[in-house]
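Undergrad: all I have is the shape, not the residue letters:
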């Protein structure tokens, strides 16, 4: 018997479906060489692989937060009773950060509260001072004298632990390369750092080294302090930041996938068939684009929130977690429906150009059906635009969630997200002294996530755009180029 009761939320199910689709797509890539070739170029991109490592770390954190369960409660009669509180695998890993809750604000790595309070001393006198935290730095007998040395030791220990973990990863990669290509560990090590491997393992390992150092440093400090401080309710800001990753990933992926079929179908149909189909699609996306997006989203969110609140007795909405999860699903759907217009406009313009090229005209002359032309000729040639738009829209939707939650029409307040963190910190930016760490933490995590997504999008664009054909620099091509340059100079001197 499991000591917990598994819980499957709607967003969890959609994430698992997305993983299954990704697995099927990867299986198809292995079967077809023409599909594998562009992604090999992505894998050879140095900045693309560095960004992919960062995105993979975010994805692992988000997936751990999608494994939900209800923990078992102690029972004296032998009956198994489960709590109504829904937790995730990430909550179990971060149980210390989750449980160690302070009274209110505390700065990063602090040992005392951020604001003064009236404290009664053992002799009965009262004084205004900064009270000690219940958990942060509680192992220090004299914080003023011991804090600097303790933090230094923890920093060094964290860097050492992260370095050892990175060294294990490097040895594992070198061993795999040595087994595949031969030559032993030393030669594989030299090939990696001389950038002589087919894949840019030097960039991958350097990125992993930075992440291992950051992870070791964070773990070492988090065992004794609140690394990023605490918020108004005393909750650890690092815990809130890690929990917010799932919301950002779900909104960025699910909203994009909802938008994608509508945008591709409408854009290609408008550019290929033209006539009344083109007029209808243009009318639709022009009308939709003319409506202020924030107002449209706010109206839908408010209506659906009223619908959920008035039907709280339904099984779908019987807990706070389920209601917040359904509101997240609805927000993804609304963002997807309202964000398809730009991609449809791009695909329409590209299809108008492609339908006039020779191979499309030849297909028409041979009597090929419209469906075959669209699926076999047009869609593959606009796929680079689709993929770039998908990754770029992912970044935009992550930022849109923060803006919508800031104005109060985003995710449910019970849902951890970067937008709710910013919304909670905005009122504290005007106080003196400024409570800056909640906003800074949300900004840092969002910056890293969006920057990695944009860099990976650039690598995908360079690899999948059929107009960009990367050529490897070989000695034969260098010799041919030098000979051509010499001949052109000779003709110039003769003239």
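TA: Received, thanks. Just so you know, these numbers come straight off a predicted model, no measurement behind them.
Undergrad: who touches stretch 416-423?
TA: Residues from elsewhere that reach stretch 416-423 (C-beta atoms under 8 Å, 6 or more residues apart in numbering): 231, 237, 240-241, 243-244, 246-248, 398, 401-406, 408, 410-411, 413, 438-439, 441-443, 445-446. To be clear about C-beta, it is placed using only N, CA and C from the backbone, and glycine gets the same treatment.
Undergrad: where do the helices sit along the stretch 51-200 of the chain?
TA: 89-93, 95-99, 143-181, 184-193 (DSSP state H, counting those that start in this stretch).
Undergrad: nearest to residue 136, of those?
TA: Residue 136 lies closest, by C-beta to C-beta, to one member of the helices of the stretch 51-200 of the chain: helix 143-181, at 9.7 Å.
Undergrad: tell me the mean pLDDT over the closest one?
TA: Averaged across helix 143-181, pLDDT comes to 90.
Undergrad: same check, this time on stretch 48-67
TA: Computed over stretch 48-67, the average pLDDT equals 92.
Undergrad: follow-up on the earlier one: and the helices of the stretch 51-200 of the chain as TSV, adding distance to residue 450?
TA: As requested, these are arranged in TSV below (distance: least, C-beta to C-beta, whole Å):
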stretch	distance to residue 450
helix 89-93	21
helix 95-99	24
helix 143-181	25
helix 184-193	29
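Undergrad: would you mind finding the most buried of the ones you listed?
TA: Each of the helices of the stretch 51-200 of the chain was scored by mean neighbour count; the highest is helix 89-93, a mean of 17, by mean count of other C-beta atoms under 10 Å.
Undergrad: name the residues that touch that one?
TA: Helix 89-93 has contacts (C-beta under 8 Å, 6+ apart) with 61, 64-65, 67, 69, 98, 242-243, 246.
Undergrad: and the helix or strand containing residue 247, what's its mean pLDDT?
TA: Here residue 247 sits within helix 237-273, counting by DSSP states H and E. On average, the pLDDT along helix 237-273 is 88.
Undergrad: following element in sequence after it, please.
TA: In N-to-C order, the element after helix 237-273 by DSSP H and E is helix 275-290.
Undergrad: now for the very next helix or strand once past that following helix, which elements pack on it?
TA: As assigned by DSSP H and E, the chain's next helix or strand after helix 275-290 is helix 293-309. If contacts are counted by 3 or more C-beta pairs under 8 Å, 6 or more residues apart in numbering; DSSP states H and E, helix 293-309 sits against helix 320-338, helix 379-407.
Undergrad: average pLDDT for the last one, rounded please.
TA: The predicted model assigns helix 379-407 a mean pLDDT of 78.
Undergrad: what comes up buried for it?
TA: Buried residues in helix 379-407, counting neighbours by 16 or more other C-beta atoms under 10 Å, are found at 381-382, 384-402, 404-406.
Undergrad: same deal with the first one?
TA: Of the residues in helix 320-338, those buried by neighbour count under the rule 16+ other C-beta under 10 Å are 321-338.
Undergrad: around residue 85, how many other residues sit close by?
TA: As a burial measure, residue 85 scores 12 neighbours (other C-beta atoms under 10 Å).
Undergrad: so where's this structure shaky on pLDDT?
TA: Along the chain, segments meeting pLDDT under 70 span 1-2, 75-78, 315, 465-495.
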